[in-house]
Each structure stands twice: as C-alpha cells, then as structure tokens.
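Colleague: Would you be able to build a 3D model of this:
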Amino acid sequence: MKEKRNIIIGGAIIGLLAVISVYFGNPQNMGICVACFIRDISGSLSLHSAAVVQYARPEIMGMILGAFIISVFKKEFASRGGSSPFIRFCLGFMIMIGALMFLGCPTRMVLRLAGGDFNAIFGILGFAVGIAIGIVFLNKGFSLKRNYKQTKMEGYILPIINVVLFIMLITSSTLLIFSQEGPGSMHAPAFIALGIGLAVGIICQRTRLCMAGGIRDLILFKDSYLICGFLAMLVAAFIGNLMFGYFNPGFVEQPIAHNDGLWNFLGMVVVGWGSILLGGCPMRQLILAGEGNVDSVVTILGLLVGAAFAHNFKLASSAEGPTSNGQIAIIICFVVLGLISYFSLERSKVKEKGDVKVV
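Modeller: Modelled structure (predicted):
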C-alpha cells in the first residue's frame, strides 16, 4: 500500500510539473514528451534539418542524470548490457517512427488527453492493442536474451555526454542548432527545464513508472501498481490545465496534433508492441540508461536516429496529418516487428551428435 501511494504521488507530481513547464514556455500538451524532445535534440545536433523542431531539451538530460544520481546514491547503479543490442536499436528506431506518426510518446499521450485532446483516445487504444500483441509473443517465449556485467565506464558515458550537452546548451555553443519558430523555439528556461527533468528522473527511478509496463502488468497479473502512476499523472495534469486555462476539449485545432484517428491508432500500436518487446516505454528506457543499462542506451540511440530518419524522409506527421511516406513506414514497422517477435521466440532445439545432445 505504501509503494502504491508513492507512485500515485510521484505520478501526480510529474503531471503538475508537465503543466508548469508549459507555463514556463514548453509547447502546450507537450510539457514532457520523450519522443518529441529526443526528436528536438536530434535536430539540434544537425541529424535532421526540420527547422521548427531543433532544440537541445534539458528535460531529457535531467531525466537521465536524475536516474543516474539517485541510483548511485542508493547503490543501485550497475553497468550491464549485451542483450541483442542491434535488435534493441531497431526497436527504438521503430518506436520513434510510431510516436512521430501519433506525435507523442506514451507520456505525451496521457498529457494530451489531460489537456482535452480527444485524439489521444485513439492513441491509448492503439497503445493497449500493441501491448496485447507483445504479450502474446512474451507468453510464447519471446526473449532478447540476458545481459552481462560491463565496466563502470560503460554506464558513465551517457551521463557524461548529457552534462557536456547541457554545458553546450547554456553557453549557446555554435555546434548546436536552435529553432527560431515552431515547437522547437518554445521551451522553458534551461535550468528550470533541467530541474524538472531531474525531478522526473528521480521519481521514475524510485517508482519504476512505465506506461507500457503498467498496462502489461494489468493484463498479465491484474497488478495496478504501475498504471496508478499514470492515472495520477492524468488527473493532476487535468487539474493543472484547468487552473492555468490550458484545457481545450475536442478533436480539432489541438496543439501539435492531427485528428486522423486510424493513423494515431496504428502509430501507437507500433509504440506499444515495440515497448513490450524492449521491456519498457521510452521514458523507462531513459531511466534504465541512467542506471547503467547500456542496452537502453542503444535503444535511445535508435530513438535518436529514428527521429532524424523520420524528418529527413518525411515520415513524421504534422498538424495537417500523416504523410504517405509515414503510412508506408508504419506498415513496414508492423512487418519487421512481426519478424523480430517470431524469430526471437526461444525454442528448445535438440540435435543428436553421437552420444551427446547439443541444445
């Protein structure tokens, strides 16, 4: 009961922080969005040239560093990796394609609904269907194999990179690109954004908050622990939006969103399915990376490259709706997810070799 209370409080704090970050300058209904913010970082690093979504978001840096700091303090930091790294990279890549079809990660999906964007309902349904598909393969024996202990430096590299990136941001390094208009130009002051990210990282590390894990556990074990955190986030963000006057119910003219229900649904099916195969949603991957999980670092690289690919090849949706290229990409993602899911099933294959059985 105490643990459930903590995750409810933690989820509520994150929901309020998301609304507060909008008050300080972040795009509406996008106070915290892992997919969108990684996409912005990708643009700031010149990996894509979409001028309206280029900014080195301190919230992402803060989440990783918050998880790193608290895990070290609690003696839970452990460098580990080597579990199907290239498959994880590809899954991260496809999750980003799905998220940019919907225009948001699972966290923004909740925040969009809390702001009155009813298009998020199609996203939630798709996300749940994707998770259900992933669970079918989990039950059949899907596995990305075990990971192994790595040197501590393996786990330290990503936090160090994020410290360097933040220094580059606050010193206005010419190596970074900053949007002059559009969502990328809308951001909270750097230190406030970093503080919000640190708080979110610490909360998520202590509570294991994960939207994909929440729905998975509810379906598999009837365990509502993780989902309670996101329900609390939804309620707190809804109250915050009402207080600040940001609540705008409806399907049309929603901030940085489109109202094509089918492709909102299908995009989040990809995100849900991929997240289950990975063992966690994009936000959870950031936290695991901060704790020293190098496999999650590889997944984040997949998200980063996926964002660049999506904008360079016009796969990402816009307020006008999905693109033809994006629709084709989602269909390809379904095929590839199916192949990965099927060929990663563990089967006991026994060969007779003389008197020795090779398993």
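
Colleague: just so I have it, where are all the strands in the stretch 251-359 of the chain?
Modeller: For the stretch 251-359 of the chain, the strands defined by DSSP state E, counting those that start in this stretch cover 351-353, 356-358.

Colleague: mean confidence for the last one?
Modeller: Here strand 356-358 scores 33 as its mean pLDDT.

Colleague: now the first one
Modeller: pLDDT averaged over strand 351-353 equals 38, rounded to a whole number.

Colleague: repeat for stretch 144-164
Modeller: In this model, stretch 144-164 has a mean pLDDT of 97.

Colleague: who touches that stretch?
Modeller: Stretch 144-164 is contacted from outside by 60-61, 64-65, 68, 77-84, 87-88, 277-279, 289-295, 297, 300, 344, using CB atoms under 8 Å, 6 or more residues apart in numbering. C-beta: built from backbone N, CA, C; applies to glycine.

Colleague: In PDB, list the C-alpha atoms belonging to the longest helix along the chain.
Modeller: Using DSSP state H, we find that the single longest helix of the chain is helix 2-23. Once non-C-alpha atoms are left out, helix 2-23 reads as follows in PDB (Å, rounded to 0.1, in the frame of the first residue of the first chain):
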ATOM      1  CA  LYS A   2       2.900   2.400   0.800                       C
ATOM      2  CA  GLU A   3       4.500   1.700  -2.600                       C
ATOM      3  CA  LYS A   4       1.200   2.400  -4.400                       C
ATOM      4  CA  ARG A   5       0.800   5.600  -2.500                       C
ATOM      5  CA  ASN A   6       4.300   6.700  -3.500                       C
ATOM      6  CA  ILE A   7       3.800   6.000  -7.200                       C
ATOM      7  CA  ILE A   8       0.500   7.900  -7.100                       C
ATOM      8  CA  ILE A   9       2.200  10.900  -5.500                       C
ATOM      9  CA  GLY A  10       5.100  10.600  -7.900                       C
ATOM     10  CA  GLY A  11       2.800  10.400 -11.000                       C
ATOM     11  CA  ALA A  12       0.800  13.400  -9.700                       C
ATOM     12  CA  ILE A  13       4.000  15.500  -9.300                       C
ATOM     13  CA  ILE A  14       5.100  14.600 -12.800                       C
ATOM     14  CA  GLY A  15       1.700  15.600 -14.200                       C
ATOM     15  CA  LEU A  16       1.900  19.000 -12.400                       C
ATOM     16  CA  LEU A  17       5.500  19.500 -13.500                       C
ATOM     17  CA  ALA A  18       4.400  18.900 -17.100                       C
ATOM     18  CA  VAL A  19       1.800  21.700 -16.900                       C
ATOM     19  CA  ILE A  20       4.300  24.000 -15.000                       C
ATOM     20  CA  SER A  21       6.800  23.500 -17.800                       C
ATOM     21  CA  VAL A  22       4.200  24.700 -20.300                       C
ATOM     22  CA  TYR A  23       3.700  27.800 -18.100                       C
END
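
Colleague: Now the element after that helix, going C-ward?
Modeller: Under the assignment DSSP states H and E, the closest C-terminal helix or strand after helix 2-23 is helix 34-44.

Colleague: Mind listing what's buried along the following helix or strand past that following helix?
Modeller: Using DSSP H and E, the helix or strand that follows helix 34-44 in sequence is helix 58-73. By neighbour count with 16 or more other CB atoms under 10 Å, helix 58-73 contains the buried residues 58-72.

Colleague: could you give the angle of helix 58-73 to helix 34-44?
Modeller: Computed by axes from the mean of the first three to the mean of the last three CA atoms, to 10 degrees, the angle separating helix 58-73 from helix 34-44 equals 110 degrees.

Colleague: Offset the numbering so it begins at 242, please.
Modeller: Done: numbering now begins at 242, and the last item shifts to helix 299-314.
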